[in-house]
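[1] quick one, fold the following:
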Amino acid sequence: MSRIGRKEIIIPKNIEVIINQSEIFVKGNKGTLYYKVSELIEIGRQNNVIKLTKKKKTQKAQAIHGLSRSIINNMIHGVSKGFEKKLVIQGVGYRSQMEEKNLILNMGYSHPVKIEPPKDINIKVENNTNIFISGINKETVGQIAAKIRSVRPPEPYKGKGIRYENETVKRKVGKAGK
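    Purely as a prediction, here's the structure:
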């Protein structure tokens, strides 16, 4: 049984939620998000509380029940407070910079890597080594952060590369010299 799907979603005062059959629109001070819920799930609203229920007791409905609740909850959190990911670059000669809205990464390759963010994502660079990614959609913020990290993931011997702020990299011992 989905315990997450049974939890109620409380709507804050400054958020406007419009439910139209299986479509949900969430509008807040940071922007607007839209989601189409599966036919297996029914959305109910009473005052400032949203509750999701399954129409059928199938395994597919069970899986989508908790997923839909999490997505709607993240939408409400995103339009009110937003989401942010922080990346840190470690390594000699590795740096990043902003060129208009594009992120330019110099990561030891023969060419700089250029990343163009979607229109609803903001990227800021601080000290050439700290990258801040923010936006209202949790999925796209995480996807862009993963795309930037995949340019040069942290390697286990010296720990060089791009990592999330609180990520720990298990270090390996190099080969023993004679």
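[2] dihedrals phi and psi, residue 62?
    phi -60, psi -40 (degrees, to the nearest 10).
[3] just residue 166 next, same as before
    Dihedral angles (degrees, to the nearest 10) for residue 166: phi -100, psi 10.
[4] for it, grab the count of nearby residues.
    Neighbourhood size, residue 166 [other Cβ atoms under 10 Å]: 7. To be clear about C-beta, it is placed using only N, CA and C from the backbone, and glycine gets the same treatment.
[5] same question for residue 66.
    Residue 66: 17 neighbours (other Cβ under 10 Å).
[6] kindly provide the distance from it to residue 152.
    35 Å (Cβ to Cβ, to the nearest Å).
[7] now swap in residue 172 and tell me
    Counting by Cβ to Cβ, the gap from residue 172 to residue 152 is 17 Å.
[8] quick one, which of the two is more surrounded?
    Higher neighbour count among residue 172 and residue 152: residue 152, with 20 against 10, using other Cβ under 10 Å.
[9] tell me the contacts of that one?
    Residues near residue 152 by Cβ atoms under 8 Å, 6 or more residues apart in numbering: 91, 94, 105, 107, 108, 160, 161, 162.
[10] and with 10 Å instead?
    89-91, 94, 105, 107-109, 113, 160-163 (Cβ atoms under 10 Å, 6 or more residues apart in numbering).
[11] which residue is the nearest non-sequential neighbour of residue 163?
    residue 154 (4.6 Å; Cβ to Cβ, 6 or more residues apart in numbering).
[12] and that neighbour, what's its pLDDT?
    Looking at residue 154, its pLDDT reads 91.
[13] who's in contact with it?
    88-91, 160-164, 167-171.
[14] in strands, which of those fall?
    88, 89, 90, 161, 162, 163, 164 (DSSP state E).
[15] give me the nearest residue to the fourth one, chain neighbours excluded.
    Closest residue to residue 161 apart from its sequence neighbours, by Cβ to Cβ, 6+ apart: residue 154 at 3.8 Å.
[16] ok, the last one next?
    Taking Cβ to Cβ, 6+ apart as the measure, residue 164 lies nearest to residue 87, with 6.2 Å between them; neighbours along the chain are not counted.
[17] ok, now how distant is that neighbour from residue 160?
    For residue 87 relative to residue 160 (Cβ to Cβ), the value is 14 Å.
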